[in-house]
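Asks: how would this look folded up:
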Amino acid sequence: MEAPEFFLQLAIILVSARFAAEVAARLGAPSVIGELVAGIVLGPSLLGWIEATEVIRLLAEIGIILLLFEVGLETDIRRLTRSGGESVVVALGGFIAPFVFGYLLCRYLFGQEILLSLFVGGALTATSIGVTVRILRDVGRQDSREGQIVLGAAVIDDVLGVLLLALLYEFSLSGDLSLVNVGRLAAFVGLFFLIAPLAAKLMSNLISHYHRITEMPGLVATVIVSLVLAFAWLAHAVGAPELLGGFAAGLALSRRFFLPFGTALARDQPLADEVERDMKPIVQLFTPIFFVTVGLSLDLRQVDWASAFVWLFSLSLGFAAIAGKIAGGYLLYREHWLMRSAIGMAMVPRGEVGLIFAELGRTAGVFDGATYAAMVLVIVYTTLFSPFWIKLFYRLYGHRPELATTVSAPGAGRSGAAPKDRGAGPL
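Replies: Residues are numbered from 1 along each chain as shown. You can find the predicted model right below:
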């Protein structure tokens, strides 16, 4: 591809992603759905204007690494201390049940191979923090008791999901999960947990020092992006997905993560704020490319929509995805059914995390075209419809006393009503 043609295609991708995301948001749907639709419209499914070339896929890979960096950066383990063991119960239930349901359906009802069944089950374990936070803010429940439980559980699901993704990636490369391979991956994760606070401390000291003496702007963004890419390279070097390196880098620099990770930047609050402020535009620039590329990778014309397999496969997995997450909420058997239902429904959206699993399954050669399309349909089901049924649920039952308790931030009092939406921002 000639450079001018690539520039035009990239401009079309960025503008289309932004426009489609705005339309989706105004219709009450998550912006990721709009970006996915933009890719479907531009790609071979409809207009055929843009092909997912290697250069575009490379930019999309950078986008997903930066997205996982942001997920790690915004991970807030303090939510777990406020919601206690309830978040752990919901997370484990909502992680294990969809994985088992998806695997059993795929393996024994549809007769698929073990690796494909594992990837399908893994894709169903995800919970999108971004979509969930947006929905809870829309209904004014982000600081409610069920909101704190859900967000704490979503944090655990993110960590478990990324680790499972790394294991499945290793399985797809080696063909087995030997003790040596699993041990190497576990050692890699443990190594990250050891070097992350040291890296964060070193980087924060360097940034603070040179930020005070340099007259050139952009130091924070340059150093942080370099760190993320270096962690991604290290992840690949030991046989794990590159995106795991981005996630680990985010954890290392998160001022809200548990000790010792949080100590590195917590002592320099202005610098921590600057890291988030400078990185957000970069993340927001690259991540839409990933979601558009997912749409570009779909060729819906090649899918036999008259085939009962596609619809039966996607609808049955969609049911398993929804039922598995709701089952996690109902494990809190001491809670009122309204509370359990609210928690389970809020855990349903898969969003960008589910698409990460689906895309890795496709690039690893595990999913064929029909299976990949069916998995994207499942993610669309759970992501697109969740905001509508959750808003309807709170419209009908939000006034009930069983859902009226609001959990305040540390040091603040309690109130019986949900606070107003304070607008979008980090968790």
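
Asks: what about the stretch 201-350 of the chain, any weak spots by pLDDT?
Replies: For the stretch 201-350 of the chain, residues meeting the criterion pLDDT under 70 lie at 201, 204, 211, 215, 238-241, 243-244, 251-273.

Asks: try it again at 90.
Replies: For the stretch 201-350 of the chain, applying pLDDT under 90 flags the ranges 201-288, 290-314, 317-318, 321, 328-342, 346-350.

Asks: Arg26: how many residues sit nearby?
Replies: By other C-beta atoms under 10 Å, the residues close to Arg26 number 9. C-beta: built from backbone N, CA, C; applies to glycine.

Asks: so which residues of the stretch 251-400 of the chain form helices?
Replies: 263-266, 269-297, 308-330, 337-346, 351-363, 369-397 (DSSP state H, counting those that start in this stretch).

Asks: quick one, which of the ones you listed is packed in tightest?
Replies: Mean neighbour count (mean count of other C-beta atoms under 10 Å) peaks for helix 351-363 among those, with a mean of 24.

Asks: between it and helix 308-330, how many degrees?
Replies: 140 degrees (axes from the mean of the first three to the mean of the last three C-alpha atoms, to 10 degrees).

Asks: Gly48: neighbouring residues, count only.
Replies: Neighbour number of Gly48 under other C-beta under 10 Å is 11.

Asks: and it, which of the three is it?
Replies: coil (DSSP: H, G, I helix; E, B strand; the rest coil).

Asks: for it, give me phi and psi.
Replies: phi 70, psi 30 (degrees, to the nearest 10).

Asks: quick one, grab the pLDDT at it.
Replies: Looking at Gly48, its pLDDT stands at 86.

Asks: re earlier: turn the helices of the stretch 251-400 of the chain into a markdown table, including distance to Ile40.
Replies: Shown next, in a markdown table, are the helices of the stretch 251-400 of the chain (distance: least, C-beta to C-beta, whole Å):
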| stretch | distance to Ile40 |
| --- | --- |
| helix 263-266 | 40 |
| helix 269-297 | 4 |
| helix 308-330 | 15 |
| helix 337-346 | 27 |
| helix 351-363 | 13 |
| helix 369-397 | 9 |
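
Asks: out of these, which is closest to Leu27?
Replies: Closest approach to Leu27 among the helices of the stretch 251-400 of the chain (C-beta to C-beta): helix 369-397, 9.6 Å.

Asks: just want the angle from that closest one to helix 308-330.
Replies: Using the same axes, to 10 degrees: helix 369-397 against helix 308-330 is 40 degrees.

Asks: other SSEs contacting helix 369-397?
Replies: helix 31-42, helix 114-124, helix 129-138, helix 308-330, helix 337-346, helix 351-363 (3 or more C-beta pairs under 8 Å, 6 or more residues apart in numbering; DSSP states H and E).

Asks: hmm, back to that, of the helices of the stretch 251-400 of the chain, which is nearest Ala29?
Replies: Comparing these by C-beta to C-beta, helix 369-397 comes nearest, at 5.6 Å.

Asks: ok so, going back, which one of the helices and strands packed on helix 369-397 lies nearest to Ala248?
Replies: Short answer: helix 351-363, nearest of the helices and strands packed on helix 369-397 by C-beta to C-beta, at 15.3 Å.

Asks: what residues are up against Ala232?
Replies: 65, 242-243, 245-246, 249 (C-beta atoms under 8 Å, 6 or more residues apart in numbering).

Asks: let's see that with 7 Å instead.
Replies: 65, 242, 245-246 (C-beta atoms under 7 Å, 6 or more residues apart in numbering).

Asks: what helix or strand is it on?
Replies: helix 219-237 (DSSP states H and E).

Asks: which parts of the strand or helix carrying Leu58 are buried?
Replies: According to DSSP H and E, Leu58 maps onto helix 54-73. Residues of helix 54-73 classed as buried by neighbour count (16 or more other C-beta atoms under 10 Å): 56-57, 59-73.

Asks: of the helices of the stretch 251-400 of the chain, which is nearest Gly94?
Replies: helix 308-330 (3.0 Å).

Asks: remind me what that closest one packs against, helices and strands.
Replies: helix 85-104, helix 114-124, helix 337-346, helix 369-397 (3 or more C-beta pairs under 7 Å, 6 or more residues apart in numbering; DSSP states H and E).

Asks: out of these, nearest to Pro288?
Replies: The nearest among the helices and strands packed on helix 308-330, by C-beta to C-beta, is helix 369-397 at 15.5 Å.

Asks: now find how far off-centre that closest one is within its chain.
Replies: 15 Å (C-alpha atoms, centre = their mean, to the nearest Å).

Asks: pLDDT averaged over it - what is it?
Replies: 82.

Asks: just checking, Ser45 touches Asp299?
Replies: Yes - assessed by C-beta atoms under 7 Å, Ser45 is found in contact with Asp299 at 5.9 Å.

Asks: no more questions from me, cheers.
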